Each structure stands twice: as structure tokens, then as C-alpha cells.
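Q: next input, structure requested:
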Amino acid sequence: MKREYNFANAKRGPAIPVPKGKSRVTIPLDEDVLDWFRQQVNRAGGGNYQSLINDALWEHIRRVR
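A: Predicted coordinates for the structure are as follows:
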């Protein structure tokens, strides 16, 4: 470890850029809801639980339109 670090050129924000057409948001969700989506992804053999949540939200939007 260094004794000092130079943060003069440091940038704030997420380390991973957000793809075009997407927004990074922080919302509180019940742990049980997140666990359910994570379990679905694990049962499917992999994937991304955030994408699964996004798909579920789109499905809901299509139904209520």
C-alpha cells in the first residue's frame, strides 16, 4: 500500500457505464422479491436478475395499457 494516493484526476460515478437507453436507479425492494428473482436466474442456469426484473416490469406495463 502506498503512503499517499493522488486523486486529482479521479472521477465520481459508477465504474461500469450504463448502456444507451438504460438508466441507473436505486430503489428499495423487499429482500424476498430480490431472492425470488435471483432464484429464477439460478434455476435457468444463469443470467441477470436485474434484466429479469426489467422484463417483468415490461410485461406488467403491456398488460395494463
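Q: who's in contact with the helix or strand containing R38?
A: In this assignment (DSSP states H and E), R38 forms part of helix 31-43. Helix 31-43 has contacts (CB atoms under 8 Å, 6 or more residues apart in numbering) with 47-49, 52-53, 56. To be clear about C-beta, it is placed using only N, CA and C from the backbone, and glycine gets the same treatment.
Q: can you tell me how far N42 is from E59?
A: 20 Å (CB to CB, to the nearest Å).
Q: any idea whether the residue nearest to the spatial centre of the chain is helix, strand or coil?
A: Central residue of the chain (CA atoms, centre = their mean): Q50, 4.8 Å from the mean position. Secondary structure, DSSP: H, G, I helix; E, B strand; the rest coil: Q50 is helix.
Q: could you check how far it is from M1?
A: In terms of CB to CB, Q50 sits 34 Å off from M1.
Q: S23 too?
A: In terms of CB to CB, S23 sits 36 Å off from M1.
Q: between those two, which has more neighbouring residues?
A: S23 (6 against 3; other CB atoms under 10 Å).
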